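Trainee: What follows is a predicted protein model with its sequence.
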Amino acid sequence: MVADGFEARIGGLEVRVAVLEQIAADTRSILERLDKRLDRMDGRLDRMDDRLTAIDGHHRADFRWMLGVMLAQFAGLLGAMAHGFHWL
């Protein structure tokens, strides 16, 4: 009688352990899939970072060129005003 209750408890624990082992296996497979996806995303982000770095270099060169053009325009306008007001 006591042995029957004990056997039933052991049987219930075995079922629970089997369920927990299945959950662990499913979790392991899900984590492996997520790891692969994260690796692919990391590769994409690296490529995007390289592209943005290249764009940043172009923007700096464009900014310097535009600043030079603006300074030249300012100097030309200042020269024209100085000539018009007979400062030169």
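Mentor: Arrived safely. Residues are numbered from 1 along each chain as shown.
Trainee: Low-confidence ranges, this protein, go.
Mentor: The model of the chain has pLDDT under 70 over residues 1-3.
Trainee: Show me the residue at the heart of it, geometrically.
Mentor: L45 (5.5 Å; Cα atoms, centre = their mean).
Trainee: where's that residue, which helix or strand?
Mentor: helix 2-84 (DSSP states H and E).
Trainee: can you tell me how far the residue nearest to the centre of the chain sits from R51?
Mentor: Counting by Cβ to Cβ, to the nearest Å, the gap from L45 to R51 is 11 Å. Every residue, glycine included, has its C-beta placed from N, CA and C.
Trainee: can you check R16 too?
Mentor: R16 is 52 Å from R51, by Cβ to Cβ.
Trainee: Also R9?
Mentor: Counting by Cβ to Cβ, the gap from R9 to R51 is 62 Å.
Trainee: just G57 next, same as before
Mentor: 11 Å.
Trainee: likewise L34?
Mentor: In terms of Cβ to Cβ, L34 sits 26 Å off from R51.
Trainee: go on, V15?
Mentor: Counting by Cβ to Cβ - V15 and R51 are separated by 54 Å.
Trainee: give me the number of residues near V15?
Mentor: The number of residues packed near V15 is 10, by other Cβ atoms under 10 Å.
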